[in-house]
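Visitor: below are the sequence and a predicted model for it; my questions follow.
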Amino acid sequence: MSVAEKLSGKLDAVNEYEREPVPEKKVKGFKSFLGLVSGEHIAGTEFVIGPLFVLHGTAWNDLFWGLLVGNILATLSWVLLCAPTAVKTRLTIYYQLEKIAGFNLVSIFNFLNGLLFCVAAAAMIGVSGTAIGYMLGVDMPGLTDLMPGSFDAILIVFAIGVVMALVSTWGYDFVSKFSLIFAPWMPFIFLGAGIAMLPQLGLTQWSDFWTIAETKIWTGVPVEGQSKYGFWHVLIFAWLCNSAMHIGLSDMTIYRYAKKPHYGIASAAGMFIGHFMAWVASGILCAVAIQAGNNNPSSGEIAVMSIGIAGGICVLIAGWTTANPTVYRAGIAVQALFPNFKRWKITLGIGLLATVLACFPWIISKLDQFLGFYALVAAPVGAMVLADVWLFPKLGLVQNFADFRKISFNYAVASAWVLSIVASYGLYVAFDADFFFFMALPAWLIAGALYVVFAKLMQNGVTESPAAMEAN
């Protein structure tokens, strides 16, 4: 037997329970989630998002309080909504949704979700590439560039993406172990980088930090060509930048392995270390670059210029530890479309597609807009699954209606999904909002309410008892 055949056999043996509940003997302890979530949210993209608040002229008070409240809300969304639903069903969001919406309808969602995850992973890979390229003296694209800087830049990004794709094919256990190895030291790199650069902004004693923050970093004045972000922009972004994962329930795919529902609190490590401390630290680095006359630094540049090779390695690994579970989720989503294909083969293909996309820097420069669009598409689905799992038994409605009636397209789900997106976008236009993220929350609320109404109308002729229906 060849090496390739042996490897293929081992990968075929990896069971990720894509279409069945995770058995009790396979559930994981808290430490497993702490490492995975920390690694995913202490990411290379923090070197993109943190500088955005500097470039968009966020004031320090708005940033501090916006991040504090927003990250608390994000953590609560995992703790109270996503993790309990995942533990109750032990299913992926994709298979749970198939039972509710039907195979044909869920196929549309899975395709979109897989594609969106693929683009998100591409951004992580691209960020990692900027660090290695900068250390090698290669011309890498800046935060606002749309096209690659050179052919060498493309080769570097491609090589990084291939490694990431291979890691993701090995499934949850391997991805989790990969994160556990690298996640613990990354926060210290972010923290050290931020502290190391403060003297260049004029800080001589810690009592002056608040003054330096207000006058030299988060000044309230946007860079030319950028809109201004205030408190509500920061709060909504911190809360909903991962809305597809928490209120959209995509992280059911991860937390279905959790022994207890409260393991969702592991997300706090990612939020307050990655989406608070790391965003603040990378904002400091961006301010130093702007002070030096560079209004468009790359993520790798602002990391390497602060603490050298350690900073570059941090960006590389941080990108990987986020891209790995993202590609894993994408593989699970697309595998639901092709249940007869092995998950690892689909995951490898998704990883390679993400690698190709990563070669185009517009994915990084438009990251905030992309995340807002992703939230708009995915959040309404989470609201409908929450309603089906938790509210329907109390309302006497049939759960998993598509599975119960053996239909492939649930029009109640489709109507609520489309109308919620249209209505939310209409609100965005009507109020002339300048921030795409404002759309996700009304879309989530509208979808949940409409789904309950439409489901009640659709199930008007159903006469069996809820207990019998659930047994089905």
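Guide: Okay, I see it. Just so you know, these numbers come straight off a predicted model, no measurement behind them.
Visitor: what ranges do the helices span in the stretch 201-350 of the chain?
Guide: 209-212, 231-240, 252-255, 267-269, 278-291, 299-307, 309-335, 343-358 (DSSP state H, counting those that start in this stretch).
Visitor: can I get those in TSV including distance to Tyr411, mean pLDDT and mean neighbour count?
Guide: To be clear about C-beta, it is placed using only N, CA and C from the backbone, and glycine gets the same treatment. Putting these into TSV (distance: least, CB to CB, whole Å; pLDDT from 0 to 100; neighbours: other CB atoms under 10 Å) gives the following:
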stretch	distance to Tyr411	mean pLDDT	mean neighbour count
helix 209-212	55	94	14
helix 231-240	28	93	23
helix 252-255	24	90	27
helix 267-269	34	93	24
helix 278-291	42	90	25
helix 299-307	44	75	27
helix 309-335	22	74	27
helix 343-358	29	82	23
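Visitor: and those: which comes nearest Phe436?
Guide: When these are compared by CB to CB, helix 231-240 sits nearest Phe436, at 9.9 Å.
Visitor: what angle separates that closest one from helix 278-291?
Guide: 130 degrees (axes from the mean of the first three to the mean of the last three CA atoms, to 10 degrees).
Visitor: what's helix 231-240 in contact with?
Guide: Helix 231-240 is contacted by residues 49, 53, 56, 58, 61-63, 65-67, 69-71, 73-74, 77, 229, 247, 271, 275-276, 368, 375, 379, 435, 437-438, 440-441 when judged by CB atoms under 8 Å, 6 or more residues apart in numbering.
Visitor: mark which of these are part of helices, please.
Guide: Per DSSP state H, helices hold the following members of the contacts of helix 231-240: 49, 53, 61-63, 65-67, 69-71, 73-74, 77, 368, 375, 379, 440-441.
Visitor: drop anything exposed from the residues you listed.
Guide: 49, 53, 62-63, 66-67, 70-71, 73-74, 77, 368, 375, 379, 440-441 (16 or more other CB atoms under 10 Å).
Visitor: what about the spatially most central residue of the chain, distance to Leu395?
Guide: For the chain, the residue nearest the mean C-alpha position is Asn242 (4.8 Å; CA atoms, centre = their mean). Distance from Asn242 to Leu395, counting by CB to CB, to the nearest Å: 29 Å.
Visitor: my read is that Ala289 contacts Val304, right?
Guide: No: if you go by CB atoms under 8 Å, Ala289 and Val304 don't touch, sitting 11.1 Å apart.
Visitor: now find how far off-centre stretch 92-107 is within its chain.
Guide: Distance, stretch centre to chain centre, for stretch 92-107: 20 Å (CA atoms, centre = their mean, to the nearest Å).
Visitor: for that stretch, buried residues please.
Guide: Along stretch 92-107, these residues count as buried under the neighbour rule (16+ other CB under 10 Å): 92-103, 105-107.
Visitor: can you tell me the SS state at the nearest residue to Arg19 once chain neighbours are set aside?
Guide: Computed as CB to CB, 6 or more residues apart in numbering, the closest residue to Arg19 that is not its neighbour in sequence is Tyr95, at 5.4 Å. Tyr95 falls in the helix class when you classify it by DSSP: H, G, I helix; E, B strand; the rest coil.
Visitor: for this protein, give me the ranges with low pLDDT.
Guide: 1-16, 39, 43-44, 143-145, 168, 170-184, 320-321, 336, 432-435, 461-472 (pLDDT under 70).
Visitor: ranges for the strands of it?
Guide: Under the criterion DSSP state E, the chain carries no strands.
Visitor: longest single helix anywhere in it?
Guide: Under DSSP H, the chain gives helix 103-135 as its longest helix.
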